[in-house]
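Asker: Just the structure for this:
(2 chains, ligands or ions: 2)
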Amino acid sequence: MLYYPGCSLRNSYPEFEKSALETCTRLGIDLAEIPEWNCCGVNFSLSDNIMRHLGAVRTLISAQEMPDLSGDEKVVALCSMCYNVMKRVNLTLKEDAEALENVNLFIDDEVDYRANLEVIHFLQLLRDDIGFDHLSDCVTVPLKGLKIAPYYGCALIRPESIAIDAPENPSIMEEFIRSVGADPVDYPYKTECCGNYHTVMRKEIVELRSKVIVDSAKLAGADLVVSTCPLCTYNLRLGVRALEEKTPILFFSQILALSLGVNPHLSPEREKNVRELLEGMKSYAK
Amino acid sequence: MVNEMERRIGEISGVNVDACYLCGKCSAGCLFTEQMDLLPHQVIMYIQRGDDSVLNKETPWICASCFTCSVRCPRGIDVAAVMEGLREIQIRKRGYQKLDLKKIENLEDLPQIAVTAAAQKLTW
Ligand code: SF4
Ligand code: SF4
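Answerer: Numbers count the residues shown, from 1 in each chain, chains lettered A, B, ... in the order given. Ligands and ions are numbered 1, 2, ... in the order given. Next comes the predicted model:
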């Protein structure tokens, strides 16, 4: 499988990528990083202008030209915003022959993109290629008794054309949480927006939204919240700051790493909190 | 007959605003209405009426592109794309701007995608 890391994993949250890649080694998933990848663009342009996505197209071309490919390879993304944009760009090029011709004419210093690749999210890889049943067989440290609230946000499930699961009531993260031995927590805000880029210029909007989301998860009994997106994670942590009880917000790959007994790369300020939670669970399980 | 506002929004976003029957479902599910000066379905209504004062409203700039309205609309209207169309008209009129990094609190902490996303949405 071809792997697209994206900027925020490299520059802001290395724990997301490192924990994910170490679990891949454990699960026997072979990921080959696309050479010379670009920023995905973060937002898909809603104004019908594929020319805004030349960076993403160049990345897809670079993936397509990697040696020894069978021709219909999958590109895996970990960050849900990367997934969303790469998937939408790829889908547009698959469905719109004119758009594909235009970008290929424009990018005349590269070979044509043939639109044969598939873009998937890492959770889909776990569900469809590894299988959650098989994953739970691989778990060596089941996170028994740990109550985890899945936070989907927007990018994995909207719009419908690129959704990895049912947009109004997805369950892929719950299935994932069960497969690592923990209990998924049901709460009403799992698919509601955290405020997205308003965190840059209008932080108050994000604080308001995030506080509601984390508070609701907490009320439903969550020990921690898992996310698939660096921006959601940043925003939810802003919300946590406004709450009395500190709920850890982790990347889903860190939970996976914990359950497989590989390094979850917890940052120092979260390490203690999460270890305490896990210790608590062990005594509970006894 | 489509009016000028409908035509421009259709051209930029590919959305046929005329198909909206103003049921208000988009506004009912939008999480950001508290900060808006016009509800999402009202934005559509202004466009249907050809009222270009909608261009000076805050709502399109508050919309976070969460697509909740777009997946729920019974008429298949991509309301998020309409909001982007309105931003786009304004941006084209006033020219492309830069995000003033000096005005950003927590610039050091922010994940890179936050700044990139804001720069695109607000200044594209
Ligand atoms: S949900 Fe759709 S049809 Fe109903 S008011 Fe909104 S845009 Fe119009
Ligand atoms: S896309 Fe914009 S208008 Fe629609 S629900 Fe989200 S914030 Fe509201």
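Asker: farthest residue from the center of chain B?
Answerer: When distances to the mean C-alpha position of chain B are computed (Cα atoms, centre = their mean), the maximum falls on residue B:108, with 28.3 Å.
Asker: Phi first, then psi, for that residue.
Answerer: phi -60, psi -40 (degrees, to the nearest 10).
Asker: Report the contact partners of residue B:47.
Answerer: Counting by Cβ atoms under 8 Å, 6 or more residues apart in numbering or on different chains, residue B:47 touches B:5, B:6, B:9, B:17, B:54, B:82. Backbone N, C-alpha and C define where each C-beta goes, glycine included.
Asker: now do residue A:18
Answerer: By Cβ under 8 Å, 6+ apart, the neighbours of residue A:18 are A:263, A:265.
Asker: following the helix or strand containing it, which helix or strand comes up?
Answerer: Assigned by DSSP states H and E, residue A:18 belongs to helix A:14-27. Remark: after helix A:14-27, the chain's next helix or strand is strand A:32-33, criterion DSSP H and E.
Asker: How many neighbouring residues does residue B:2 have?
Answerer: 14 (other Cβ atoms under 10 Å in any protein chain shown).
Asker: isn't it right next to residue B:10, touching?
Answerer: Yes: between residue B:2 and residue B:10 there is a contact under Cβ atoms under 8 Å: 7.0 Å.
Asker: hmm, who's touching the helix or strand hosting residue A:102?
Answerer: Assigned by DSSP H and E, residue A:102 belongs to helix A:97-106. Defining contact as Cβ under 8 Å, 6+ apart, one finds that helix A:97-106 is touched by A:50, A:51, A:53, A:54, A:57, A:92, A:93, A:94, A:112, A:113, A:115.
Asker: Distance from it to the middle of the chain?
Answerer: 29 Å (Cα atoms, centre = their mean, to the nearest Å).
Asker: So which bits of that helix are buried?
Answerer: A:99, A:100, A:103, A:104 (16 or more other Cβ atoms under 10 Å in any protein chain shown).
Asker: Also stretch A:181-190?
Answerer: Quick answer for stretch A:181-190 (16+ other Cβ under 10 Å): A:181, A:182, A:183, A:184, A:185, A:187, A:189, A:190.
Asker: And for stretch A:202-211?
Answerer: Buried, per 16+ other Cβ under 10 Å, within stretch A:202-211: A:202, A:203, A:205, A:206, A:207, A:208, A:209, A:210, A:211.
Asker: what's around residue A:169, how many residues?
Answerer: When neighbours are counted by other Cβ under 10 Å, residue A:169 comes out with 9.
Asker: Need the per-residue pLDDT for it.
Answerer: On pLDDT, residue A:169 comes in at 95.
Asker: With residue A:277 instead?
Answerer: The model's pLDDT for residue A:277 equals 85.
Asker: could you give the angle of the host helix or strand of it to helix A:14-27?
Answerer: Assigned by DSSP H and E, residue A:277 belongs to helix A:268-285. In terms of direction (axes from the mean of the first three to the mean of the last three Cα atoms, to 10 degrees), helix A:268-285 departs from helix A:14-27 by 50 degrees.
Asker: What ranges in chain B fall below the confidence cut-off?
Answerer: Across chain B, the ranges flagged by pLDDT under 70 are B:124.
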